[in-house]
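> sharing a model that was predicted from the sequence below.
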Amino acid sequence: MASHQPFQVIHPKQVSRKLACHAHTEEYVDKFFNGGTVLASQLSMSRGLATSTAGGTHHAFPDRGSGYCLINDLAVAAIHLSDTTDITRVLIGDGTAVIFKDTEHVFTFSMHCEQNFPFRKQKSDLDIGVDKGTGDEQFLRILTLLLVFLFSGLFNRDYYVMDEAIRRGIPCSVVIGGGYSQNIDVLAKRHTIMHRAATKIWSQRQL
């Protein structure tokens, strides 16, 4: 009877940029770590409002990925601003709660579906769970009350949140990070909502 050697766990090393570029173009590799969210956060400090067409990978933990997210770009940008500017507080939502659980200058706020991913919710500074099937009007009514305490549909939600921040003189950096569909046209249109809301604010407030 043949004997088998016990399996071995061998830890890999990070692949070099040069090796990655053997399989992918340099442009593609650089897009993965292009600093888009950090740049948007920097621009928001000088312009009041800045948006990114990507980013928002907010589910990643300090030691592992989660929910399709490998790197928590929002946390990286928040730490960068804290280290390079004189800001004292950053408001940020959802999956960064664990990263900033012991940090006073970042306030984590998550308003989410109770019956949706992630099923094990992390504790933020303020967590508001809404029921599955909650309509736009009810969602906005809850959100309006919450934002007053903190300081028709997705467009109205995005517009309201950004405009309230700008009205209070709070720089606002916004990324996509969500909304999935097998229909590419529907998905693309959904991902333009935030940018259209931001464009309206830029025009109205002449940022």
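Structure received.

> torsion angles phi and psi at Q138?
Per-residue torsions, Q138: phi -70, psi -40 (degrees, to the nearest 10).

> excluding its backbone neighbours, what's nearest it?
Distances taken as Cβ to Cβ, 6 or more residues apart in numbering place V130 nearest to Q138, at 7.7 Å, with adjacent residues excluded. Any C-beta I mention is one placed from the backbone N, CA and C, and that applies to glycine too.

> surely that neighbour and F139 touch.
Yes. Under the criterion of Cβ atoms under 8 Å, V130 makes contact with F139 at 6.4 Å.

> return the set of buried residues in the helix or strand where V38 lies.
Here V38 is covered by helix 36-47, with elements defined by DSSP states H and E. Buried residues in helix 36-47, defined by neighbour count with 16 or more other Cβ atoms under 10 Å: 36-38, 40-44.

> for the residue nearest to Q138, report the pLDDT, please.
On pLDDT, V130 comes in at 70.

> now do it against L140, distance only.
11 Å (Cβ to Cβ, to the nearest Å).

> returning to what we had before: out of the buried residues of helix 36-47, which one sits closest to M194?
Nearest to M194 out of the buried residues of helix 36-47 is A40 (Cβ to Cβ; 11.7 Å).

> so who does the closest one touch?
Taking Cβ atoms under 8 Å, 6 or more residues apart in numbering as the criterion, A40 is in contact with 50-52, 55, 77, 173-175.

> recalculate using a threshold of 7 Å.
Contact analysis of A40 by Cβ atoms under 7 Å, 6 or more residues apart in numbering lists 50-52, 173, 175.

> among those, find the lowest-pLDDT one for me.
V175 (83).

> tell me how far that residue lies from D86.
Distance check for V175 against D86: by Cβ to Cβ, it reads 23 Å.

> count the neighbours of the residue nearest to Q138 for me.
Neighbours of V130 under the rule other Cβ atoms under 10 Å: 17.
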